[in-house]
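> what's the 3D shape of this:
(chains A and B)
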Protein chains: 2
Amino acid sequence: MKNFKIALAQFSPHVGNLESNTQKMVEQASKAKQEHADLIIFPELSLIGYSAEDLLLRPSLKKRTKQAFEKLSHVKDIIMVFGFAHQTEDGQTFNSAAVMKDGQVLGVYNKQNLPNYGVFDEKRYFNAGNQHLIFEYAGHKFGVLICEDVWNLNTVQQLAKLNVDSILVLNSSPYEVGKPQHRVKTLQEVAKQLNINIVYNNQVGGQDDLIFDGSGFVINKNGDVALQAESYKEKVYYTTYQTEKACFESSEQHAPLETMAEIYQGLVVATRDYVQRSGFPGVILGLSGGIDSALTLAIAVDALGADKVQAVMMPYTYTAKISVEDAATQAKNLGVAFGIAEINQIVNSYQQTLFPFFGNAKADATEENLQARARGTLLMGLSNKFGNLVLSTGNKSELAVGYCTLYGDMVGGFAVLKDVYKTIVFELAKYRNSISEKPVIPERVITRPPSAELRADQKDQDSLPSYDVLDSILYAYIEEDQSQTDIIARGFDKAVVEKVIKLVDNNEYKRRQGVIGPRISSKAFGRERRYPIMNGWKAGI
Amino acid sequence: MKNFKIALAQFSPHVGNLESNTQKMVEQASKAKQEHADLIIFPELSLIGYSAEDLLLRPSLKKRTKQAFEKLSHVKDIIMVFGFAHQTEDGQTFNSAAVMKDGQVLGVYNKQNLPNYGVFDEKRYFNAGNQHLIFEYAGHKFGVLICEDVWNLNTVQQLAKLNVDSILVLNSSPYEVGKPQHRVKTLQEVAKQLNINIVYNNQVGGQDDLIFDGSGFVINKNGDVALQAESYKEKVYYTTYQTEKACFESSEQHAPLETMAEIYQGLVVATRDYVQRSGFPGVILGLSGGIDSALTLAIAVDALGADKVQAVMMPYTYTAKISVEDAATQAKNLGVAFGIAEINQIVNSYQQTLFPFFGNAKADATEENLQARARGTLLMGLSNKFGNLVLSTGNKSELAVGYCTLYGDMVGGFAVLKDVYKTIVFELAKYRNSISEKPVIPERVITRPPSAELRADQKDQDSLPSYDVLDSILYAYIEEDQSQTDIIARGFDKAVVEKVIKLVDNNEYKRRQGVIGPRISSKAFGRERRYPIMNGWKAGI
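So this is what the prediction gives:
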C-alpha cells in the first residue's frame, strides 16, 4: 500500500468531435502524469461529449470510437477512466466507462440507471447495464459509477457491499440553481452511511441549452470534503490518498459560489462556449434601455470581451429619451461599439404597404409587432452582413406568457436570459453592478418600471401583474407543476392566476419557435417541458 | 356461441381534452349499440389522445381520468375497450387499455412494449406492463394489445399461446408514406402464422406534427382482410363474427390509396385539424408564383374551403412578370381572396436605415434576406390584424440545406410541406391537377425552373444540385442515415455530397426555430431527428 494521486479532469468536450476530445484527453493525461498522478478520471461520455443526441445513432460512431481508443492506447503509465458509447457485437449500446492502462482495457462498466426524464433521453440511445465493475490499484479497491447511478441508493449500496474503498463517479450533470452544493451535501450523507470515499468528476462548459458546471469534488468516508473544484472552470484537479491517514487530501478547496454569482457565471460560460464553438467572430444585440438587454450586454462582454460585442439602439416614436440615454451609457460603461438606427421610416413603409389591407382598422398589437419585427430584421441584417451572432434578450417571464414578438424581439441565435425569471434578472443586474468598481448598468435602468415601449405610456404592469406576483405564479405552475386550483389556494387572485396560466398554455407555439438559451432552472422551456401546441387540456378542470 | 358484432371507432381525439373525448366516446358507443354492436374498440390512450406529451405528467390527470371513467360507466349493454393513462397507487403509470361493461371494469391491460425511438418518448411517461389480458364474450376468447406490442412477435406469440381467438389492438400509430399497407401486410403474416384474428383500430387526425391515418382493419386467421377502413376518416366501422364460418365479415372494404393521394390527403387532414382545433378563422399565405406556395394553397383550400383562405403576392424588383400572373391565376382557379403588396418601399427603407452601417459593402445574402423578412413581416401583420394563421410554404429539401430565410419565408404557424421533398412537391402538384376537371396549378408553375427570385436571374440550381440529385443525397443522409463515404460510393459527385451534408449539418439552428409541419417520412425534422446545434461531428471522418 502506497499513497497515490488521482487527477480529476474537469473537462469541456466539443460535442460530437471525438477527434479533438481525444486529443485533449491525451494532453490532460500527459500533464497529469507529469504531476505524478496514478489515475485520471474524465467525465461521462467524454469521447463524444454530452449531450450528443442523435449523433449517438450515426453509423460511423463505432469506427470513430475505435479510433479514439487507438489514440488513447498510446498513453502510458497512468490509469485512465473515461466515458464512451459502448456498442457491442450484438447491437446493444451502453453508456459506459472504460478503465485503460498502457493501452490495455482493464474493464468496462455499463451505466445501470438511465435517466429518461427532464432534459434526459438516455433510453432513446442506451441499454441499461446490470453489473458492477471493480478494480484494484495500490491495494485500494475502486468501483465505477456513472452519473444517475450515484443517485440511486440501491445501486451504490450494492457496490459498497463489494468492499470497495472508493467510488469513481463519471458525470455529465447539467447545472441548475443550487445543484453544485446539493450534490455535495447528498453524497456526504451517502459516503458516511456506506463508509466509502467518493470521487465525483463532472463535465464543464455549455452545450446548446445545457450548462455543465463541473464543480467536481472528493468526499472521504467520514463525510469530509477533501477537494472542491471551482465551478465552470476547465482544469485538472488533483487529490492524494494518504494511506496512513486512510483519506484523500487536496489543496484545492474552493468555496461554493453565492447563488447570483453561480447563475451569472453559468450564463457567461454558456454564452462564451456557444459563440466560440459555433465559430462566430462576436455578437450583436439590440439595446432598448431596459434591464434585460442591459444584463445581456454585461454577460456578453464578460463572456467574450468588449471588442467582440456590438450594441444597437433602435428607437421609435414611443422610445423615451432616457431609454436612449441609458442605452448609450451602458454601451459606454462596458466599452462596446454602439450604433443608433431609428425605425420610423421602416415602420411607416410597413404601415403604408398594409394600408390597402388594413384601411382604418383600429391600432392593436399588430402595430406593436411591426416595430418589434423591424428591429429584429435590422439586427439580422447586421448579423448577416458582418457575421456576428444575434443575442436575444428576452427573459423567462416574458416567454412564459408570450409577452414577446415572434420574429421581433425573439430573433437571434442564443437567448441568454431564456430561463431567467424577471425578478432574477433584477437580482443579477444588481449582482453584476456589485462586482465592478463602477456600476455598469445605470441605476435608473434597475429602478424604473419595465416597459416594452411599443405604444405611448406603456408599462409591463398595465397588462401583467407585478413581476413578483407573476413570477410566483409562473414558478408554481411551471417548476412546481401545481394545478390552477392549488395556486389559487395559495392566496393569489383567481382571475390573475387564470389569466397567467391561460397565457402560458396558449403561447406554446411561440416558445416552440424560440431560440435556445441556457438552462438554469429545474424546468426550462424546451426539451425539458414538452407540451403539445394543439392542446385541449383546460387548466381549470 | 352466437354471432357478434364489433365496432371499430376510428376516433380523432382532441389531445388533452379528456372531457370532450369522453363525451364523443359515449356518443360513438351509443351509436354502435343502436347498430347492435356487442363491443366497441377505441384507439390507444383514447381518453387523453396521442401524443399528450408532458400533459401526462400533470398532477390533475388522475382526477380527470377518474371523471372520464365515471362518465363512461353510464354506457350500458356494450363492451368498451379504450385506452387511458393508468396511474397506480404505488406511483407507476402505464399506457393501458380498459375493458368496461355496464360500468364494471372487467380488466386492464398494461402495454408491454414502450417505443422510445423516432417520434416516440413513451419511457418518459410510462412503466412497462408484463401481463397479458384475456376476456371471453359469446364463447370467443379475446386478447388485448396496444400498438408497439403487436410489432413484437414474441409478445404476440405469448398471447396466442393462451388460446386466444382474436386480438384487439388499440393503436395510435402515426402515418408515414406506405405505412397503411405495410401494417396490413405484416399482420396478415402474423395472423396466418399464429392462427389468430386481428382487429386493428387506429387513431385518426392531425396532432401537431403527427398525422394519424386511421386505416384500421380486421384480418382473419387465414390472412384474409375482413375489413379495411378508409384512411383519414373519422368514423365507426363494423365487423360481424360469423360463428359457423368462424371468421369476421364486413361490407367495408376500402381499397388503399395510391401513394400521392395518401400523402396529399394526409397533409389536408393535418392542416385542417391544426387550424380548426387551434381556433383560427382561416389561413393566409404568401403566393410567390412558385410551386411550393401553389401546392400549399391547394392543400389549404381542400382542407378549409376557399372562403377560409387568403393569398398575398409580394413582388419586388426580381419578381418575374409571369410569377405575378401565375400567382393570380392560382388564386383565381381556387377562388381565394388575393391581394398584392409590393415590398419595394419596405426594402428601400431597410437599406437606407442600414446604409450608415453597411456603407458600400457588397450586396450578398443579407439583401436577399431583407426581402424575405419584409414579406414575412407583412404576412404576420395581416395575420395579427385579422386572425388568420400564416401557412409556411417551404419544403423539406430547402429546410434540409437551409435554403430559406429565418423570420422570412420561414414565418408561420404551420408548415404544410415541411416534410415533403421538392421532387415529391412536383408529384403532388401533378396529382392535385389530375383530380379536378381543370388544373388548379398552372402548368407553367410546374415546368419552369424553380427560383427564389431574391436576385436577378436567380435559379435554385445555381447554388444547389438538381432536385433529383439533391433529394437522393438528402434521403440517403437523413432517412437512411448513411455516412458521407457511403453516399459518395453510390456514385454521387464527392464535392456535391460534401457540400450538401455540410449544409444539412450547419443549418440545424434554422430548423430548430422552424415551425412545426406534418410528418410523412420515416425521419422528419423535429422530434424525430434530434441533433445538437453545437456539433463538432464532421461528416467526412
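
> Three-state assignment for residue A:381, please.
The three-state assignment at residue A:381 reads helix, by DSSP: H, G, I helix; E, B strand; the rest coil.

> List the backbone torsions phi and psi for residue A:284.
In terms of degrees, to the nearest 10, the main-chain angles of residue A:284 are phi -130, psi 150.

> That one and residue A:331: what is the separation?
To residue A:331, residue A:284 is 12 Å away according to CB to CB, to the nearest Å. Every C-beta, even on glycine, is put in place using the N, C-alpha and C of the backbone.

> Those two: who's more crowded?
Just comparing residue A:284 and residue A:331: by other CB atoms under 10 Å in any protein chain shown the higher neighbour count belongs to residue A:284, 26 against 23.

> got a list of what that one touches?
Residues counted as contacts of residue A:284 (CB atoms under 8 Å, 6 or more residues apart in numbering or on different chains) are A:309, A:310, A:311, A:312, A:379, A:382, A:383, A:386, A:388, A:389, A:390, A:391.

> Give me the pLDDT value at the fourth one.
Reported pLDDT at residue A:312 in the predicted model: 98.

> Show me the beta-bridge partners of it.
Residue A:312 has these beta-bridge partners by DSSP bridges: residue A:286, residue A:339.

> Need the three-state assignment for residue A:455.
Strictly by three-state DSSP, residue A:455 counts as coil.

> what residues are up against it?
A:318, A:363, A:367, A:368.

> what separates the helix or strand hosting the third one from the chain centre, distance-wise?
Yep, that's residue A:367 we're talking about. Residue A:367 is part of helix A:365-386, with elements assigned from DSSP states H and E. The chain centroid and the centroid of helix A:365-386 are separated by 27 Å under CA atoms, centre = their mean, to the nearest Å.

> How about stretch A:480-491?
Centroid separation between stretch A:480-491 and its chain, computed with CA atoms, centre = their mean, is 28 Å.

> one step back: sheet partners, orientation included, of the helix or strand following the helix holding residue A:367?
Using DSSP H and E, the helix or strand that follows helix A:365-386 in sequence is strand A:389-392. Strand A:389-392 has its sheet partners listed here by DSSP bridges as strand A:283-287 (parallel), strand A:414-415 (parallel).

> Nearest to residue A:257, out of those?
strand A:414-415 (22.4 Å; CB to CB).

> List buried members of the contacts of residue A:455 by neighbour count.
A:318, A:367, A:368 (16 or more other CB atoms under 10 Å in any protein chain shown).

> Go through those residues and name the one nearest residue B:45.
Distances from residue B:45 to the buried ones among the contacts of residue A:455, taken as CB to CB, are shortest for residue A:368 (40.2 Å).

> is it true that the closest one touches residue A:456?
No. Using CB atoms under 8 Å, residue A:368 is not in contact with residue A:456; the gap is 11.2 Å.

> Overlap in contacts, the two.
The contact sets of residue A:368 and residue A:456 do not overlap (CB under 8 Å, 6+ apart).

> what about residue A:228, neighbour count?
21.

> Contact partners for it?
Residue A:228 neighbours (CB under 8 Å, 6+ apart): A:184, A:215, A:217, A:252, A:253, A:254, A:255, A:256.

> so how far is residue B:26 from it?
61 Å.

> now residue A:178
Residue A:178 sits 48 Å away from residue B:26, going by CB to CB.

> And for residue A:507?
Counting by CB to CB, the gap from residue A:507 to residue B:26 is 32 Å.

> Neighbour count for the two, which is higher?
A count of neighbours by other CB under 10 Å puts residue A:507 above the other of residue A:507 and residue B:26, at 21 against 16.

> ok, the closest residue to the more buried one other than its chain neighbours - contacts?
Counting by CB to CB, 6 or more residues apart in numbering or on different chains, residue A:507 lies nearest to residue A:402, which is 3.2 Å off, once chain neighbours are set aside. Neighbouring residues of residue A:402 by CB under 8 Å, 6+ apart: A:503, A:506, A:507, A:510.
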